[in-house]
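In: Following is a predicted model, sequence given first.
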Amino acid sequence: DWKLPDFWPGDAIGGTAILPDTDTAGRQLYRIGYTTLSFFTLGNALLYYLQSTSDASQLLSAETLSTGFSFQEILDGGDPYTTFLFATAVVANTASLASLTNASPLGLMPEFTTTNTDGSSSSPLPVVGRDDNLKLNVKGLTRITRHPLILPVVPWGVANAMLLGGRPADWLFFGGLAVYATLGCAAQDMRVIREEGSVGTVFRPGQELQMFFKSTSFVPFAGVLSGKQSMKDVVREFPFLAFCAAAPVGFAIERITLEWLN
């Protein structure tokens, strides 16, 4: 039988086996297909975007092409508008990275727990294991939105489109990513509403998934405003450590992205 390496965090049903049964094979093939299609479509979109900016630079003078963006200006706090857009993109990056430790059952990221070999949680030599059922517990970021990994792409895309000049190519690429993220999250919601389960995950239609869906919101903080969630619980469970650890990475990613594309 084909198996993934022992260190690979296989799910609770299929483990590390490759195509062991129909359900697991479907999830694994979906993930492979989704990843391949994403790299192909987004990769080609990026190539066309880079080509469009290269063609524009050959046709226009430096003064005409200039976006007005200066990274040093952001560091100096010279332009509040540009600084705000940059900060928005950094916070969006950070939120997505922090959500890797606070996954949603509507996403493909796994959730982990620490136990010892006999299954207890109080071992001097803990073992990290995968337990996706933990994602059904509404906590931290999922109290804000049920899509904490993908939905931050929306403000990130809009902010970068504006930072890089707001040209048609900027809006087509970065705005397109924002639309793609919104539609992708909405499609996941529709699968739960239709009781089809959560695509690519171990979750089938069931009461626990429906309860998670009904107690959370698509729009950030809409659940808090509607009374489904408590702001006190959001603050108490917010992954501050993960957020602080992710912030420098989010800052670096945004800086590298802008300096490369600008």
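Out: Everything's here; your move. Just so it is clear, the model here is predicted, and its values are computed rather than measured. Numbering: from 1, shown residues only.
In: can you give me the helices for the stretch 151-262 of the chain?
Out: In the stretch 151-262 of the chain, helices defined by DSSP state H, counting those that start in this stretch lie at 153-163, 168-170, 176-193, 207-214, 222-226, 231-237, 240-261, listed in chain order.
In: between the ones you listed, which one is nearest to Leu108?
Out: helix 176-193 (10.3 Å; CB to CB). (Glycine included, C-beta is placed from N, CA and C.)
In: elements contacting the closest one?
Out: When contacts are defined as 3 or more CB pairs under 8 Å, 6 or more residues apart in numbering; DSSP states H and E, helix 176-193 packs onto helix 153-163, helix 207-214.
In: Can you mark which positions in it are buried?
Out: Buried residues in helix 176-193, defined by neighbour count with 16 or more other CB atoms under 10 Å: Leu177, Ala178, Tyr180, Ala181, Thr182, Cys185, Gln188, Asp189, Arg191, Val192.
In: Touching, Met231 and Val224? I think so.
Out: Yes - between Met231 and Val224 there is a contact under CB atoms under 8 Å: 5.2 Å.
In: Please tell me the pLDDT value assigned to Asp131.
Out: Note on Asp131: pLDDT of 80.
In: Not counting sequence-adjacent ones, nearest residue to it?
Out: Spatial nearest neighbour of Asp131, chain neighbours left out: Thr113 (4.5 Å); criterion: CB to CB, 6 or more residues apart in numbering.
In: Can you give me the neighbour number for that neighbour?
Out: 13 (other CB atoms under 10 Å).
In: what's the distance between it and Asn133?
Out: Counting by CB to CB, to the nearest Å, the gap from Thr113 to Asn133 is 9 Å.
In: So which of the helices of the stretch 151-262 of the chain is the most surrounded?
Out: Across those, averaging neighbours per residue (mean count of other CB atoms under 10 Å) puts helix 153-163 on top, at a mean of 22.
In: and that one, C-alpha only, in PDB?
Out: C-alpha atoms of helix 153-163 as PDB (Å, rounded to 0.1, in the frame of the first residue of the first chain):
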ATOM      1  CA  VAL A 153      -7.200  38.400   0.600                       C
ATOM      2  CA  VAL A 154     -10.000  40.900  -0.100                       C
ATOM      3  CA  PRO A 155      -8.600  43.900   1.700                       C
ATOM      4  CA  TRP A 156      -5.100  42.800   0.700                       C
ATOM      5  CA  GLY A 157      -6.000  42.700  -2.900                       C
ATOM      6  CA  VAL A 158      -7.700  46.100  -2.900                       C
ATOM      7  CA  ALA A 159      -4.900  47.800  -0.900                       C
ATOM      8  CA  ASN A 160      -2.200  46.500  -3.300                       C
ATOM      9  CA  ALA A 161      -4.200  47.500  -6.400                       C
ATOM     10  CA  MET A 162      -4.200  51.000  -5.100                       C
ATOM     11  CA  LEU A 163      -0.600  51.000  -3.800                       C
END
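In: how distant is stretch 180-199 from the center of its chain?
Out: Its chain's average C-alpha position is 15 Å from that of stretch 180-199, according to CA atoms, centre = their mean, to the nearest Å.
In: what sits up against that stretch?
Out: Here stretch 180-199 makes contact (CB atoms under 8 Å, 6 or more residues apart in numbering) with 30, 105-107, 146-147, 150-151, 153-154, 157, 203-206, 209-210, 213, 218.
In: OK, contacts around Ala25?
Out: Each residue near Ala25 by CB under 8 Å, 6+ apart is listed here: Leu19.
In: how many other residues sit next to Tyr48?
Out: Around Tyr48 sit 13 other residues, with neighbours defined as other CB under 10 Å.
In: try Gln51
Out: 11.
In: so it is in which element?
Out: Secondary structure from DSSP states H and E places Gln51 in helix 22-59.
In: lowest-confidence stretch among the helices of the stretch 151-262 of the chain?
Out: Minimum mean pLDDT among the helices of the stretch 151-262 of the chain: helix 207-214, a mean of 88.
In: and it with helix 176-193, angle?
Out: Helix 207-214 runs at 130 degrees relative to helix 176-193, counting by axes from the mean of the first three to the mean of the last three CA atoms, to 10 degrees.
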